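Student: The amino acid sequence is not available; the structure is as follows:
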């Protein structure tokens with residue numbers, strides 16, 4: 001795990017800050033800049049992993065963890081799972097968007 005490059009905002013990982021309305025636009029702009037087609041792992045790692053390369057692990061800053069906990073406490077029981085995940089810009093069923 002990379003302990004030096006911590007994630008300091010939800011937008012860095014393509015998520016929306018649940019307490020900032022303008023965060024959705026920033027997250028979309030950031031995700032559009034990402035390149036999903038280039039190989040980022042060395043060939044030796046890909047050969048060992050086969051069809052499934054290693055998953056990315058990110059370490060959030062304390063402020064992000066506190067926002068996640070606060071969102072769970074405020075909205076976790078009040079909303080269904082789809083509405084709650086949409087607060088972070090996530091979909092429960094990603095195939096829905098593609099269909």
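Tutor: Sure, I can see it. Being a predicted model, the structure only gives us computed values, none of them experimental.
Student: Please give the element, helix or strand, for residue 83.
Tutor: In this assignment (DSSP states H and E), residue 83 forms part of helix 81-86.
Student: and whichever helix in the chain runs longest, what does it pack onto?
Tutor: Secondary structure of the chain per DSSP state H: the longest helix is helix 62-75. Under the contact definition 3 or more CB pairs under 8 Å, 6 or more residues apart in numbering; DSSP states H and E, helix 62-75 sits against helix 81-86. (C-beta placed from N, C-alpha, C; glycine too.)
Student: which outside residues touch the helix it packs on?
Tutor: 71, 75, 76, 91, 92 (CB atoms under 8 Å, 6 or more residues apart in numbering).
Student: In those, find the pair that's most separated.
Tutor: 76 and 91 (17.6 Å; CB to CB).
Student: Quick check: which ranges of the chain have low pLDDT?
Tutor: The chain contains residues with pLDDT under 70 at 1-5, 39-41, 45-46, 48-56, 92-99.
Student: can you map out the strands along it?
Tutor: Counting by DSSP state E, one finds no strands in the chain.
Student: neighbours around the closest residue in space to residue 75 that isn't next to it in sequence, how many?
Tutor: Spatially, and ignoring its direct neighbours in sequence, residue 75 is nearest to residue 84 (5.7 Å; CB to CB, 6 or more residues apart in numbering). By other CB atoms under 10 Å, the residues close to residue 84 number 18.
Student: now do residue 59
Tutor: Using other CB under 10 Å, residue 59 has 13 neighbouring residues.
Student: From residue 30, how far out is it?
Tutor: As judged by CB to CB, to the nearest Å, residue 59 and residue 30 stand 18 Å apart.
Student: next one: residue 87
Tutor: Distance from residue 87 to residue 30, by CB to CB: 18 Å.
Student: do residue 83 as well
Tutor: Taking CB to CB, one finds residue 83 at 23 Å from residue 30.
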